[in-house]
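**Student:** For reference, the sequence and a predicted model appear below.
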Amino acid sequence: MTETHIWYTIGNIPKQPANEHFLKDLIIISSIPIAIVAFIGNGIVCCLFWSKWKSSRFFLYFLNIAIANIAILINVFVSFPKLYLQVRIYNLFQHLVQMVQYLGHNTRFYILTAICAERYLVIFFPALVKHYRSQYTSVIVTGILWGLSCLISVVDDLACSRRFYITNMEYTVHCVPFTILIIILELVIFLFIMGFSTVSIFIRMQTQPTPPARLDITILTTVLLFLVTDTPTRMIQTLSVWFALNNVSITIATTELLDCINCAVTPFIFLIVGCWKKTSEPIWLFLERALTAEESMAEGPQVEQEQV
């Protein structure tokens, strides 16, 4: 978000030395085609998931991840014309777009954590899940996580925007406690749950006699993508409240590039996992199969139809 310690975007890159200018421009320009591919891919995923809705707990989660990816990408398309085409964009509008990007960034993280946690419970405590889980659990969890992300976005904007404070002391008094809360919530609680659940699922995949379910492959690949492209950015931007960043413009541009890569690769994960050894079917069936919990990656005449 604008002028906050947590969220740097290409819309508010500060002036930089000449030797950083070329590298920064190269990174940002490279982000544009990736962002276009990502926007189209996630748009297709949203349309297919919405039109071919299944009563599966994980369809709703992955649909919302695709929506969050689109929210993240909007800022790239708004900021690029302002920086390079001299298009006039009102600061308030750009600020709102950056808040939407931050909202999508957090929501994607929270929903992915919910996917890992629920899959862990389904695998290791199936009787408990069957007894206590209602058919509206996915809707409730998704709504709560979007609400939590909205709350964090608003509080961050109020607590950590320097435009509200005259002195650094005022900024520190309000922003540091919020940053500590974010560290506890995201890096200690959510990241721990995601890591523990993912490692448990991976160990189970390696020890079970049957080939792994496609859903587990999808989850593990998506989490790995998140850890590579999202976690370093999140940690750097959170710690920036205490430590000054070197080469700020390059850091901001790189975080945008990593976000674009994350958004672009996610639809291809569905496609690759879903079409493995089955390449002559409609694309929708590839997406559906990528979220199938019981069908294995092994090729065989019998296809399980159970969705969990």
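**Tutor:** Arrived safely, thanks for sending. Numbers count the residues shown, from 1 in each chain.
**Student:** Please, which helix or strand holds Phe77?
**Tutor:** If you go by DSSP states H and E, Phe77 is part of helix 57-84.
**Student:** Make sure Cys263 is actually in contact with Ser31.
**Tutor:** No. The criterion here is CB atoms under 8 Å, and Cys263 misses it with Ser31 at 10.5 Å. Yep, even glycine has a C-beta here, placed from its N, CA and C like the rest.
**Student:** Who has more neighbours out of the two?
**Tutor:** Cys263 (29 against 24; other CB atoms under 10 Å).
**Student:** Contacts only, for the more buried one.
**Tutor:** The neighbours of Cys263, taking CB atoms under 8 Å, 6 or more residues apart in numbering as the test, are Ala35, Ala38, Phe39, Gly41, Asn42, Asn69, Ile70, Ile72, Leu73.
**Student:** Please apply the same query to Leu257.
**Tutor:** By CB under 8 Å, 6+ apart, the contact set of Leu257 is Ile27, Ile28, Ser30, Ser31, Ile34.
**Student:** Of those - the most surrounded one?
**Tutor:** Going by other CB under 10 Å, Ser31 tops the contacts of Leu257 with 24 neighbours.
**Student:** Could you tell me which residues make contact with that one?
**Tutor:** Neighbours of Ser31 in contact, by CB under 8 Å, 6+ apart: Ile10, Val76, Ala253, Glu256, Leu257, Cys260.
**Student:** wait, which of the residues you listed is closest to Ile201?
**Tutor:** Taking CB to CB as the measure, Cys260 is the one of the contacts of Ser31 closest to Ile201, at 27.4 Å.
**Student:** isn't that closest one right up against Val76?
**Tutor:** Yes. The criterion here is CB under 8 Å, and Cys260 meets it with Val76 at 6.5 Å.
**Student:** any common contacting residues for those two?
**Tutor:** Ser31, Ala35.
**Student:** who's in contact with the residue nearest to Lys82 when sequence neighbours are not counted?
**Tutor:** Spatially, and ignoring its direct neighbours in sequence, Lys82 is nearest to Ile89 (4.7 Å; CB to CB, 6 or more residues apart in numbering). Ile89 makes contact with Val78, Pro81, Lys82, according to CB under 8 Å, 6+ apart.
**Student:** again with Pro267
**Tutor:** If you count contacts by CB under 8 Å, 6+ apart, then Pro267 has Ala38, Gly41, Asn42, Ile44, Val45, Ala66 around it.
**Student:** Report the separation between the residue lying closest to Thr292 once chain neighbours are set aside and Leu239.
**Tutor:** Closest residue in space to Thr292, ignoring its immediate chain neighbours: Arg214 at 5.2 Å, by CB to CB, 6+ apart. Going from Arg214 to Leu239 by CB to CB, to the nearest Å gives 37 Å.
**Student:** and what of Gly195?
**Tutor:** Taking CB to CB, one finds Gly195 at 19 Å from Leu239.
**Student:** Check Met205 too.
**Tutor:** In terms of CB to CB, Met205 sits 34 Å off from Leu239.
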